[in-house]
Structure formats: structure tokens, C-alpha cells
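In: My questions concern the predicted model and sequence given below.
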Amino acid sequence: MERSAYIRTARRIVVKIGTHVLTDDRGRLATEIFDSVIDEVVRLSEAGKEIVIVSSGAIAAGRALLAPAHQTASIPEKQALAAIGQTQLMGMYQQALDRYGKRAAQVLLTRDDLGHRRRYLNARNTLFKLLQFSVVPVVNENDTVMVEEIKFGDNDSLSARVTILVDADILILLTDAPGLCARHGTGVRDEAPIPFVQEVTPDLRRLARGPSGLLGTGGMATKIEAARIATEAGHPAVIADGKRPNVITDILEGRQVGTFFAPLEDRLSHKKHWIAYSLPKKGELVLDDGAVRAIVHKGKSLLSSGVVEVRGRFDSGEMVACLDRDGIERARGITHYSSQEILRIAGKQSGEIESILGYRIQDEVIHRDELVLMTRQGTCQARRTE
Ligand code: GLU
């Protein structure tokens, strides 16, 4: 399949912007770059796209503010520089957005957060809410608590995980190289990037082990790794030159910019397979006939009103099985509510959730995108539930 076929319908986009893209030759955050990135982001959002930015640049900003001559730094120094620079980094995004009367939102995450199901879910809900508010989320690693990431990388793999988190249609990694070049790291300049990568092979990963820059921590290797993580989960990725004018728009219009990485498999089936077979089953919900019909035949989400019994103790974000009244497993899914919460809202309308619990996480107990229909043989049904 051509790259444009993957890209044409992309609506939700994660754009990772590296330190070298955001800084000038003296290592300071460059206003004109923020302006041009935000010009594109605003134009694209007005055309209906949802954009999440993953931005590096905090350490570089902190260094430029505090100790421009000091090039190397210990890990605690880098963490302190990141803490100093992060506010300036956000200030630059906000300033660029002010020109349009729009807001940026700071989201600091760690890999641990995304490995912990409840925090994963909370981060995702927050990001979705921000997008709904038409605010531009700007994600960075929470460098204060993350030592390994500063040491080895890398907002690149964070951006791949954010791509999976928000179920983005594409990950765009903007860097100071035109893409992945066959002679990467050999000092050869002006080489055209490899336009299309079908699969991230070990050879390709070897190719990428060039030197990483002084301020950013990733280099090409972590970008390839990010592309691997994203594509294996079914999300296409592009590595491209962040200083090229209109780079995001050109990529989204299907132009041959940078290196495109094709997704390895269908995203929905990847996710559904993961839900059905990789997550431990933590409990069961028995549904009334109407709810079974709605989820099996109409591709609907599971609502609290259709739950008649809760079995087991589970937390929100865990996988539970949905049984019909005869005890046959009809679906599996990720629940937004814990067993304790569902016990209180079972049989009640979604509109009553807030008054019963005092808060409302989502309208659905299990959203249809996270619900996998099961066959009587206990296998995941191929048919999409939408
Ligand atoms: N989080 C770091 C920063 O904002 C960057 C890490 C990276 O370059 O990938 O400076």
C-alpha cells in the first residue's frame, strides 16, 4: 500500500518535536520555530485534525537560561535544567498560541505512568478531554523523576507510547535530519532519505546507530525504535526534517517527505487481540438481554443500565468478561469503572452515574473500541464492533 493510503484519513496525530528542531545555533529556544509549528497545528485543527505535541527542549532551555557555556551535565543537573526550562518551553508554545487566542496544556508523563493501567487510563482521559476542549496538549517526559530516560533517551519512545495511548492515526517524529538515510552516521550529507520502510528489521536498527546530539538524547536509533513500537501496534510513523516549512501539512497530504514506516498490522485487530488474550481477566459482568443484543448485534458500548451482576473484584482499566444470563461469555473489554463502582451503578442510567458516585469517569462502562466480541469457542471475533 502507498503511504498516502495510510495517511489520507489520519485525523488524530502525535507530533514529536526534538530539541534540535526547537533551538537555534546557540542552543536557545527559537521563537520562529514555535510560531511555524503552531501555525500548522492551528490550521490543521481548524481542518478537523486533533494534534498532540510531544516536545523536548526543556533541558536545552534550562541550559540556555542558566549555564549556556556548560555543555555537559550530570543527571541531577540535567533534571534541574529540565525543571527550569520546562516553564520556558511551555511559555514559548503558549506565546505562539496566544496569536490565535488558543491554549496549550502541559502534560508531564513517565514511562511508569503508561505501564500502570489506572494512570494510563487517567492520562488518556485527560488527553481526550484536552482535545475536546480544542486545547493543544504538549507532552514531555517528567524529567524530575525519570533518570533512565534522560540518560538514554528519549522522548521518541514516549511519543510512540503516547501514539498508542491516544490511538493516534499517525506518529510524526520531527528531527534535524531529513529522515532515515541509507548512509546515516557516515558523515555523508545531502543524501535523500529512504522514502518507505515496510518493516523495522534488525539491519535497519543497526543502520540507525549513529551519533546522538549533545542536547537531545535520542539520535536516529531511538527514532527507529519509536517507529518500531508504533508500527507494531498498527500506527504508521514518519521521521522528517522539523525545520522544513509546512512539514506536518505536507506529510498529511501524502507528499514524499522524510521516511514513512508502514504499520505492521491492522490497529483495531491488534488492540482487540491484546484485550482478549494479553490482559488477565479480573472479573465478570452479567448483562441483561438488551445489553447483549446491543453489544453483539449493534456494535454498541456497554452501559451501566445493562449490567445485572458483578463478579470478582477489579479496578478500573482492567479486563473483564461480559456474560449473558446463561453464563456464556459474549465479550471481553476494559472497564472504566471498578467492581465496587459498578455494584452501585448497575441497572442505572448513565445520566445517574454522577449523582450516585459523586463523579463520572465516562458514560460507558466499557467503550465499544475496547470491547471484543467472543465466539462460542472462546475466540475473538474478527468482525469489527463498530
Ligand atoms: N525531556 C527532555 C527535554 O525536554 C528531552 C529528552 C529527549 O531529548 O528525548 O529536554
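Out: Ah, there it is.
In: what's next to stretch 137-145, contact-wise?
Out: Contact with stretch 137-145 is made by 52-56, 58-59, 78-79, 82-83, 86, 89-90, 93, 104-110, 113, 127, 130-131, 149-150, 155, 158-159, 162, as judged by C-beta atoms under 8 Å, 6 or more residues apart in numbering. C-beta here means a position set from N, CA and C on the backbone, and glycine is covered the same way.
In: mind checking how far the residue lying closest to R124 once chain neighbours are set aside is from L204?
Out: The spatially closest residue to R124, leaving aside those adjacent along the chain, is L165, at 5.3 Å (C-beta to C-beta, 6 or more residues apart in numbering). To L204, L165 is 25 Å away according to C-beta to C-beta, to the nearest Å.
In: Now V42. Nearest residue, chain neighbours left out?
Out: Y100 (5.0 Å).
In: pLDDT below threshold where in the stretch 251-386 of the chain?
Out: The stretch 251-386 of the chain contains residues with pLDDT under 70 at 376-386.
In: contact partners of the helix or strand harbouring L174?
Out: Using DSSP states H and E, L174 falls within strand 170-175. Strand 170-175 is contacted by residues 6-7, 10, 13-18, 20-21, 156, 159-160, 163, 220, 223, 226-227, 230, 235-242, 247-248, 251-252 when judged by C-beta under 8 Å, 6+ apart.
In: Select only the buried ones of these in PyMOL?
Out: Provided next is the PyMOL selection string for whichever of those are buried by 16 or more other C-beta atoms under 10 Å:
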select buried, resi 6+7+10+13+14+15+16+17+18+20+21+156+159+160+163+220+223+226+227+230+235+236+237+238+239+240+241+242+247+248+251+252
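In: Give me the subset of the contacts of strand 170-175 that lies in strands.
Out: Counted as lying in strands by DSSP state E, out of the contacts of strand 170-175, are I13, V14, V15, K16, I17, A237, V238, I239, A240, D241.
In: ok, the closest residue to the fourth one other than its chain neighbours - contacts?
Out: When you say that, I think you mean K16. Sequence neighbours aside, S159 is the residue nearest to K16 in space, at 3.6 Å (criterion: C-beta to C-beta, 6+ apart). Neighbouring residues of S159 by C-beta under 8 Å, 6+ apart: V14, K16, V54, V139, L171, L173, A226.
In: before we move on, what about R205?
Out: A221, I224, E225, R228.
In: Verify the contact between the last one and V200 for me.
Out: Right, R228. Yes. Under the criterion of C-beta atoms under 8 Å, R228 makes contact with V200 at 4.0 Å.
In: what touches both of these two?
Out: F261.
In: need the contact list for the residue of the stretch 251-386 of the chain found nearest the ligand.
Out: Of all residues in the stretch 251-386 of the chain, G258 sits closest to the ligand, at 18.0 Å by C-beta to the nearest ligand atom. Contacts for G258 (C-beta under 8 Å, 6+ apart) come out as P178, G179, P193, V238, I239, A240, D241, V247, I251.
In: which of these are close to the ligand?
Out: By C-beta under 6 Å from any ligand atom, no member of the contacts of G258 lies near the ligand.
In: between those residues, which is closest to the ligand?
Out: I239 (13.8 Å).
In: On the strand side of things, show who that closest one bridges to.
Out: L173, T259 (DSSP bridges).
In: One more: L373?
Out: According to DSSP bridges, beta-bridge pairing links L373 with A331.
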